[in-house]
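J.: Take a look and give me a structure for this.
(chains A and B)
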Protein chains: 2
Amino acid sequence: MKKLMLMAALCLMGMAAQAQQNLSWGQGPQVASPDVHADNSVTFNLIAPEAQKVQITGDFLPPKKVEFGGNTYDAPNVVDLVKNEKGVWSFTTEPLKPELYTYNMIVDGVKIIDPLNVYNIRDINNLFSVLLIGGDQRTDLYKVNKVAHGTVSKVWYESPTAGLTRRLTVYTPAGYETSGKEYPVLYLLHGIGGDENAWSELGRAAQILDNLIAQGKAEPMLVVMTNGNISQEACPGETSEGFKVPTMMLPKTMEGSFETAFPDVVKFIEKTYRVKKDKAHRAIAGLSMGGFHSLFISINNPDMFGYVGLFSAAVDQQQPNGGFPNIYADRNAKIDKLFAKNPKLFWIGIGKTDFLIKNNNDLRAYLDSKHHKYTYLETEGGHIWRNWRIYLSEFTPLLFK
Amino acid sequence: MKKLMLMAALCLMGMAAQAQQNLSWGQGPQVASPDVHADNSVTFNLIAPEAQKVQITGDFLPPKKVEFGGNTYDAPNVVDLVKNEKGVWSFTTEPLKPELYTYNMIVDGVKIIDPLNVYNIRDINNLFSVLLIGGDQRTDLYKVNKVAHGTVSKVWYESPTAGLTRRLTVYTPAGYETSGKEYPVLYLLHGIGGDENAWSELGRAAQILDNLIAQGKAEPMLVVMTNGNISQEACPGETSEGFKVPTMMLPKTMEGSFETAFPDVVKFIEKTYRVKKDKAHRAIAGLSMGGFHSLFISINNPDMFGYVGLFSAAVDQQQPNGGFPNIYADRNAKIDKLFAKNPKLFWIGIGKTDFLIKNNNDLRAYLDSKHHKYTYLETEGGHIWRNWRIYLSEFTPLLFK
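T.: Okay, the predicted model is just below:
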């Protein structure tokens, strides 16, 4: 009894340390959100008796078509929630296909995350609530299953080339700490505006690797997730600049600095971790801008990576003003040089409605014209995380075999 | 030019992948929030032209006094923001003392984080926006400074006693990976409802240790931050249960199971990391429930820890129903046994208005009556993270000297 009193007091103090305890303590309807039903339809609920209008937007809704530059693209849709007599606003979806969905609610014009859902992920300067509907082989890879788990570490390294101490995310496979073995390494790069957290959060990289390794489909490997914004030490809030709001257009993202400084990362990893240090045991892949970086890093260092993955990659020939123009010069000649050295895998994945598909078709036409061998996967949809999780799940089982 | 077009397209696609791009694209006032002024007053802004009422609550506001069980406690205050003609709601504080503050906004009755502030932290099932005002020696410890940084890892271990694979957070000091040295270990426990992320997020443990070690004030050490809810594998969203909403009252938090299974953690750490494996190089400390755990783990294993820290600890003699009552039996006799073995440090810290101060005074009276030597720090305020960050900053420099 005494113990229950103490626990109640600890909890009450916990509550008192929170905002708004006077609004939520001991009253109001008990609802869950998201509430996933047996048929995989989902009800979203928001307790907001004083709100005038509540909406929801998320990638579980059929997209809205928008025009841009003469082309049609998918844009997010928005639907209204309906309020009941208790002040709870609700919306129920159609039965949803297995997928990792992200969404936001909009309360009287203010975009928020779902206050009843504790799981959310930041992408650039947007915060999303997350919902995972499992039940098929692919999305079950995104779950934390009862398998051996690798370690995810936030690690700082010196980049003399960039003149900064920088942060990266390292996944070491289950057993790394005590096995005494050496492992191969996948360097995995994010898109424009992302950071060193992107692949381990929205990308579910640790879960995908844990599950594929446990199933015997992927080799145990390290995955090194860098920060591709070479002017940053780390993601927002984790730098010596404090809690500064990030801008989406960062200086020095696509002008050669990142590619030039990249060997610092490889040197650090090979000095710090028990890894195999040859081309046959190094892979590089990236999404969007990270695919652009992966292409130019690999073709400028043709003896470094045996495996290259371009996920919805920006693969156009770039001619920057300033920066390091040599990185982008002579792209096709460098590609020929890379293929002359027989890479084990050159992998391209892109969505049918991705705005970069023409770029990728042009690259493939060039590769075909030269009889350079590559693997190609075309998926539904556009330039979205859904596809990047698929590409990681398809690419990693092909590595280091 | 071509490059600028591509970058613009990548950014536009980034925006299009976000919700509400149609509401924010190319229109609306440009404001920052929080906007910290030269005198450390802070303006909070929210763009919400359609909202009826916007409020803010946070620990930078003077607390409101509330009565509970015949005593007076501090509770959070709430103030209204004022709307301007552009639909921007604002509130400006008095000049604030250096501190790590947490806050929420309330839009038409719905508690949200500040949409213009990307930095937020979850505590239990509440999400807070975070604001750090530096400028004194203490709060500068909470910043990411230009010093060598340790690594923060999320690691899974087997707990045969708990019958679960469980997750913990490990801080290894800068240089650990390559130094070849063995290090001492601090086991650092959270309060009721927290989890293995609590100390590294609201507790700023990695920043505090990085800075104290860089200043030569603390010895390089590992810090192992466990999950004290023994029925959980890990914090919400990181378990095989999926994105289930956590309840605050977890089964098996204060009935001896955690204490009984704790040696599994020590075994795992000493098998997995390069650490020193004796009492002189092991410390245990915790806040609130974690202080309760630290007390009972250390007195039930009097040869395990040379250093014990009780931060706002629940130190009452507990007699659970079920569980492992022997863990809590004979508390004072076990304390005598611990002190008979000459611990290097027994440290108690508590706030003057903490609801647990009577418990702690009773414990200190017992220690005094037996001439057991301990170190005591009494601070302003109550049962709050502000104090726990202070206690960690004061306790760690005393370890392993």
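J.: Can you give me every residue that contacts A:Gly382?
T.: For A:Gly382, the contact set (C-beta atoms under 8 Å, 6 or more residues apart in numbering or on different chains) comprises A:Tyr73, A:Asp74, A:Gly351, A:Lys352, A:Thr353, A:Asp354, A:Phe355, B:Met13. For the C-beta atoms, the positions are set from N, CA and C on the backbone; glycine is no exception.
J.: Could you rerun that using 6 Å?
T.: Taking C-beta atoms under 6 Å, 6 or more residues apart in numbering or on different chains, we find A:Gly382 in contact with A:Asp74, A:Gly351, A:Thr353, A:Asp354.
J.: Turn those into CSV, columns for neighbour count and pLDDT.
T.: Converted to CSV, those look like this (neighbours: other C-beta atoms under 10 Å in any protein chain shown; pLDDT from 0 to 100):
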residue, neighbour count, pLDDT
A:Asp74, 20, 73
A:Gly351, 25, 96
A:Thr353, 17, 90
A:Asp354, 23, 92
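J.: wait, which of these is closest to chain B?
T.: Within the contacts of A:Gly382, distances to chain B taken as C-beta to the nearest C-beta reach their minimum at A:Asp74, with 7.6 Å.
J.: Next, that closest one: phi, psi?
T.: Main-chain dihedrals, A:Asp74, degrees, to the nearest 10: phi -80, psi 130.
J.: again, but for the one 10 residues further on
T.: Geometry field for A:Asn84 lists phi and psi as phi -100, psi -180, criterion degrees, to the nearest 10.
J.: count of neighbours near it?
T.: 12 (other C-beta atoms under 10 Å in any protein chain shown).
J.: Setting aside sequence neighbours, what's the nearest residue to it?
T.: Distances taken as C-beta to C-beta, 6 or more residues apart in numbering or on different chains place A:Ser90 nearest to A:Asn84, at 6.9 Å, with adjacent residues excluded.
J.: Look up how far chain B lies from the one you found.
T.: According to C-beta to the nearest C-beta, to the nearest Å, A:Ser90 stands 14 Å off from chain B.
J.: Who does that residue form a beta bridge with?
T.: Beta-bridge partners recorded for A:Ser90 (DSSP bridges): A:Asn45, A:Val82.
J.: before we move on, what about A:Glu158?
T.: A:Glu158 forms beta bridges with A:Thr165, as assigned by DSSP bridges.
J.: From A:Val265, how far off is it?
T.: According to C-beta to C-beta, to the nearest Å, A:Glu158 and A:Val265 sit 10 Å apart.
J.: ok, the two, which is more surrounded?
T.: In terms of neighbours (other C-beta under 10 Å), A:Val265 is the more surrounded of A:Glu158 and A:Val265; the figures are 21 against 14.
J.: Distance of the nearest residue to the more buried one once chain neighbours are set aside relative to chain B?
T.: For A:Val265, ignoring the flanking residues on the chain, the nearest one in space by C-beta to C-beta, 6+ apart is A:Thr226 at 5.7 Å. According to C-beta to the nearest C-beta, A:Thr226 and chain B sit 15 Å apart.
J.: How about A:Ser257?
T.: Going from A:Ser257 to chain B by C-beta to the nearest C-beta gives 14 Å.
J.: backbone phi and psi for that residue, please?
T.: A:Ser257 adopts backbone torsions of phi -70, psi -40, taken as degrees, to the nearest 10.
J.: In terms of pLDDT, where does it sit?
T.: At A:Ser257, the pLDDT value in this model is 93.
J.: How many residues are close by it?
T.: Neighbour count for A:Ser257, taken as other C-beta under 10 Å: 21.
J.: I'd like the next helix or strand past the helix or strand of chain A with the lowest mean pLDDT.
T.: One helix or strand of chain A scores below all others by mean pLDDT, DSSP states H and E: helix A:21-24, with a mean of 30. Next in sequence after helix A:21-24, counting helices and strands by DSSP states H and E, comes strand A:35-36.
J.: residue boundaries of the strands in the stretch 251-400 of chain A?
T.: For the stretch 251-400 of chain A, the strands defined by DSSP state E, counting those that start in this stretch occupy A:282-287, A:307-311, A:345-351, A:375-379.
J.: Make JSON lines from those strands and add distance to chain B to it.
T.: Shown next, in JSON lines, are the strands of the stretch 251-400 of chain A (distance: least, C-beta to the nearest C-beta, whole Å):
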{"stretch": "strand A:282-287", "distance to chain B": "11"}
{"stretch": "strand A:307-311", "distance to chain B": "14"}
{"stretch": "strand A:345-351", "distance to chain B": "11"}
{"stretch": "strand A:375-379", "distance to chain B": "16"}
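J.: closest one to B:Glu85 among these?
T.: For the strands of the stretch 251-400 of chain A, distance to B:Glu85 was read as C-beta to C-beta. The smallest value, 42.3 Å, belongs to strand A:282-287.
J.: The closest one: partners in the sheet, and parallel or antiparallel?
T.: Here strand A:282-287 is paired, per DSSP bridges, with strand A:185-189 (parallel), strand A:307-311 (parallel).
J.: quick revisit: correct me, but the residue nearest to A:Val265 touches A:Arg167?
T.: No - A:Thr226 lies out of contact with A:Arg167 (C-beta atoms under 6 Å); the separation is 9.0 Å.
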